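> Test case, fold it:
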Amino acid sequence: MSIQDQPRPQYKPSLGVKLQRFFMRLHIFFYRRTDGALGGKLAGRSMLLLTTAGRTSGQKRVTPIFYFSDGDRFILIGSNGGAQTHPQWWRNLQALPLAEIQVDRKQIAVNASLATGEERELLWSKITAKYPDFITYQRRTPREIPVVVLTPR
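Below is the predicted model:
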């Protein structure tokens, strides 16, 4: 039997992952039920619900995430808490940059793009001036943390 013929081990999420998923579903539930009155702010930061298509499954994936306003654009930081890998929502947007967001009660179709060069530096400096924890996250990982721009379609 070759290695390709061997069955792949079944992924079993840890208790920590299961709890994280439970609280994320709870956050989404209350955000949607209250149009963002519950879950629209967390630790003084504005939150939205980002809906992407899974890059392999195509299934809708909803993620509550901090955002920053820049005119009519929405800025997301793919810090993943300083982890070595990009967050799944960013990997999904890389595969298909069309998404939907819910900001309070508004549903908005958006296009996603990666801020680069001077635009990235300007956005990064504005955000880290207010929220220096993102600098700490950047120090934890060798990858450049993506600054993602969502523009309404």
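
> Secondary structure of I101: a strand, I assume?
Yes: applying DSSP: H, G, I helix; E, B strand; the rest coil, one finds I101 inside a strand.

> does it really touch L93, like I thought?
No: applying CB atoms under 8 Å, one finds I101 not in contact with L93, separated by 11.4 Å. Yep, even glycine has a C-beta here, placed from its N, CA and C like the rest.

> ok, residues contacting the lowest-mean-pLDDT helix or strand in the chain?
Each helix and strand of the chain was given a mean pLDDT (mean pLDDT, DSSP states H and E); the minimum falls on strand 41-42 at a mean of 86. Under the contact criterion CB atoms under 8 Å, 6 or more residues apart in numbering, strand 41-42 has outside partners M47, F66.

> that older thread, more neighbours: which of I101 and L93?
L93 (27 against 21; other CB atoms under 10 Å).

> Could you pull out the strands in this protein for me?
Secondary structure of the chain, counting by DSSP state E: strands at 41-42, 45-53, 60-66, 68-70, 73-77, 98-103, 106-114, 147-152.

> Adjacent strands (with direction) for the first one?
By that I understand strand 41-42. strand 45-53 (antiparallel) (DSSP bridges).

> Now tell me what touches the partner strand from outside.
Strand 45-53 is contacted by residues 28, 31-32, 36, 39-41, 59-69, 74, 76, 89, 92-93, 95-96, 98-103, 131 when judged by CB under 8 Å, 6+ apart.

> Then stretch 19-33?
Contacts for stretch 19-33 (CB under 8 Å, 6+ apart): P13, L38, G39, G40, M47, L49, V62, T63, P64, Q102.
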